[in-house]
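# Sequence first, then the predicted structure:
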Amino acid sequence: MSVRVSPLGLAILIFIIALFNSIQGLAGSLSRIMVLLPILVVTLSFIQVWYTYLFFGFHQDFSTDHPVRGEELSYTFVIHHHGILPACGIQCQFSFKGPGLAGTRTQPVFLAPRAKKTWSFTFRCAYRGIYAVGIERFLFRDTLGLLQLSFPVEPRMFYVYPELLALPPSLDSFFIGSGELGLGSGGVQDDIGVFDSIYPLRHGEGARQIAWKRFAATGIPSAYRTAKASAPALRVVLDLRPAPSFGNEEDRLTAEDLAVSLVFSVLRYMAERGLPVEFYGGAETAEPSVIPDLSTFEWLYNQSTSLLFNETTVPPSAWTGDSATLLVTLQTPMEQALEKAEENGYDLYAALEHRLRSGYRMLIISVPEPALVDEARTRALTLLDHLPMVHSWVPYKVLDTRLGNEGIAHVFE
């Protein structure tokens with residue numbers, strides 16, 4: 001609780017008292033009463049504020065304490081006054097903070113003796129994130145505006161997690177055989193029984209296992225790449241650079257939500273099958289989060305509300321490692337994004353081409369804002385025309401955010 005006295009109101013009060021004191025004796029015995037009258041009014045006004053604070057109460061209720069993404073909540077607020085005297089003026093400040101919400105709302109109220117007032121609001125937790133909703137502060141003000149008593153209240157906190165979606169079995173064709181296949185952790189030597197991928201041989205490069213069928217079918221000398229028994233089956237990298245936005249807050253939040261839902265749906269898919277996966281959240285993450293099972297996934301999932309798209313560099317972890325890599329980004333393969341990548345030491349085309357020619361499976365999924373989907377697809381086709389097609393799958397895809405969650409399932413088809 002804090003108390004604030006208005007400097008202007010206090011100056012006016014002092015001026016009035018001085019004025020009345022200067023005319024003392026001009027009105028006889030009434031002069032003394034005139035001097036005391038301002039002090040008496042101010043005192044009674046202060047008493048009313050304190051009396052209101054002592055005898056007020058409130059109650060708030062939400063339709064649920066655990067909202068899910070997209071759910072609409074009902075909020076009911078009741079303020080009541082138990083005193084036998086009228087309450088002073090009260091300002092009720094409500095917090096509606098969170099992704100897609102307006103911010104704050106102020107509601108004035110005057111309560112008669114033993115009266116109450118009820119308000120009802122509705123709001124929607126449309127996006128992933130942390131929401132602070134409910135009464136945030138009461139301001140009690142006297143009639144003269146001299147005194148303001150502030151009583152803060154903690155608004156209700158809601159944590160809305162990304163939606164987890166069932167992914168099609170076609171996802172297996174991307175990561176299967178890359179690294180450990182649900183085996184227990186072992187040594188760090190190459191295991192000839194764990195197939196990773198096929199890569200084209202260069203001049204002077206030997207290999208223990210020639211891929212004769214691929215050689216016969218394509219005429220390109222190729223070899224089998226074996227995995228390390230301790231290597232993860234998949235590396236998932238989430239690029240936390242913000243999307244190139246046109247100022248539409250709803251479109252930006254939609255793209256961010258779908259990107260996070262896609263990533264955590266893949267992580268759960270792997271954890272449910274006992275396939276180890278490592279997760280990098282942005283460029284600033286020094287160490288990955290290794291997810292060997294569902295319990296570890298649940299812990300990481302509970303931290304997902306703190307992922308913010310506010311970084312400026314390309315995640316270097318997307319271009320390293322010995323396992324298949326899934327990079328999810330809000331960026332589109334446009335000239336501006338490419339130039340920014342080059343400024344930070346990364347050339348998107350060169351890095352992706354190097355990974356593919358080295359025999360590592362790489363899949364970049366762009367999650368553009370709905371208004372940029374068509375342009376992103378056009379740019380993606382241009383990018384694919386310049387990449388070596390050394391694999392049967394498409395290494396760059398665009399998620400159609402206009403389809404919502406349905407677009408996540410389509411991107412793996």
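Sure thing, it's come through. Numbers count the residues shown, from 1 in each chain.
# Quick check: phi and psi on A376?
Summarising the backbone geometry of A376 under the convention degrees, to the nearest 10, its torsions are phi -60, psi -40.
# count of residues packed around it?
The criterion is other Cβ atoms under 10 Å. On that basis, A376 has 22 neighbouring residues. The C-beta positions use only the backbone N, C-alpha and C, and glycine is treated the same way.
# Quick check: pLDDT value at it.
If you check A376, the pLDDT there is 84.
# can you check G282 too?
In the prediction, the pLDDT value recorded for G282 is 78.
# thinking it is in contact with E311, fair?
Yes - checked against Cβ atoms under 8 Å, the pair G282 and E311 is within contact range at 5.1 Å.
# between the two, what contacts are shared?
The overlap between the contact sets of G282 and E311 (Cβ atoms under 8 Å, 6 or more residues apart in numbering) consists of D239, L240.
# shaky segments in the stretch 301-413 of the chain?
The stretch 301-413 of the chain contains residues with pLDDT under 70 at 333-349, 386-393.
# ok, S323 to E136 distance?
As defined by Cβ to Cβ, to the nearest Å, S323 lies at a distance of 47 Å from E136.
# Those two: which is more packed in?
Legend: neighbour count by other Cβ under 10 Å for S323 and E136, higher for S323 (22 against 19).
# Bridge partners for the residue nearest in space to the middle of the chain, pull those for me.
Among the residues of the chain, the one closest to the centroid is G129, at 4.4 Å (Cα atoms, centre = their mean). Beta bridges link G129 to V160 when assigned by DSSP bridges.
# residues contacting it?
G98, P99, V160, T305.
# If I look at it, what pLDDT would I see?
G129 is assigned a predicted lDDT (pLDDT) of 89.
# Report the beta-bridge partners for V290.
In this structure, V290 has the following beta-bridge partners (DSSP bridges): E278.
# you'd agree it is up against P276?
Yes - under the criterion of Cβ under 8 Å, V290 is in contact with P276, at a separation of 6.7 Å.
# So which of these two has more stuff around it?
Neighbour tally, V290 and P276, criterion other Cβ under 10 Å: the higher count belongs to P276, 23 against 12.
# how about that one, phi and psi?
Here the main-chain torsion angles of P276 (degrees, to the nearest 10) amount to phi -70, psi 140.
# again, but for Y127
Comment: the main-chain dihedrals of Y127 come out as phi -140, psi 160, following degrees, to the nearest 10.
# if you go through this protein in chain order, where are the helices?
7-22, 30-55, 172-175, 212-218, 249-272, 294-301, 335-343, 348-357, 373-385, 406-411 (DSSP state H).
# so which of the contacts of G129 comes closest to L381?
P99 (32.4 Å; Cβ to Cβ).
# pretty sure the closest one is in contact with A132, am I right?
No - counting by Cβ under 8 Å, A132 is not a contact partner of P99; they are 11.4 Å apart.
# which of those two has more neighbours?
When P99 and A132 are compared on other Cβ under 10 Å, the one with more neighbours turns out to be P99, at 20 against 15.
# Quickly note the distance from that one to R402.
In this structure, P99 and R402 are 19 Å apart, going by Cβ to Cβ.
# show me where pLDDT drops low in this protein?
The model of the chain has pLDDT under 70 over residues 1, 4-36, 173-220, 223-232, 245-247, 284-286, 333-349, 386-393.
# R105: how many residues sit nearby?
When neighbours are counted by other Cβ under 10 Å, R105 comes out with 13.
# let me redo that: P316
Counted with other Cβ under 10 Å, the burial measure for P316 works out to 14 neighbours.
# now do the one 4 residues further on
Here the neighbour count serves as a burial measure; for T320 (other Cβ under 10 Å) it reads 14.
# May I have stretch 361-369 as CSV, with CA atoms only?
Only the C-alpha atoms of stretch 361-369 are listed here, as CSV (Å, rounded to 0.1, in the frame of the first residue of the first chain):
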residue,chain,number,x,y,z
ARG,A,361,20.0,-34.9,-44.0
MET,A,362,18.9,-31.3,-43.6
LEU,A,363,15.3,-30.0,-43.6
ILE,A,364,14.5,-26.3,-43.3
ILE,A,365,10.9,-25.4,-42.6
SER,A,366,10.0,-21.8,-43.1
VAL,A,367,7.0,-20.6,-41.1
PRO,A,368,6.1,-17.2,-42.6
GLU,A,369,3.3,-14.9,-41.7
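# Perfect, that will be all.
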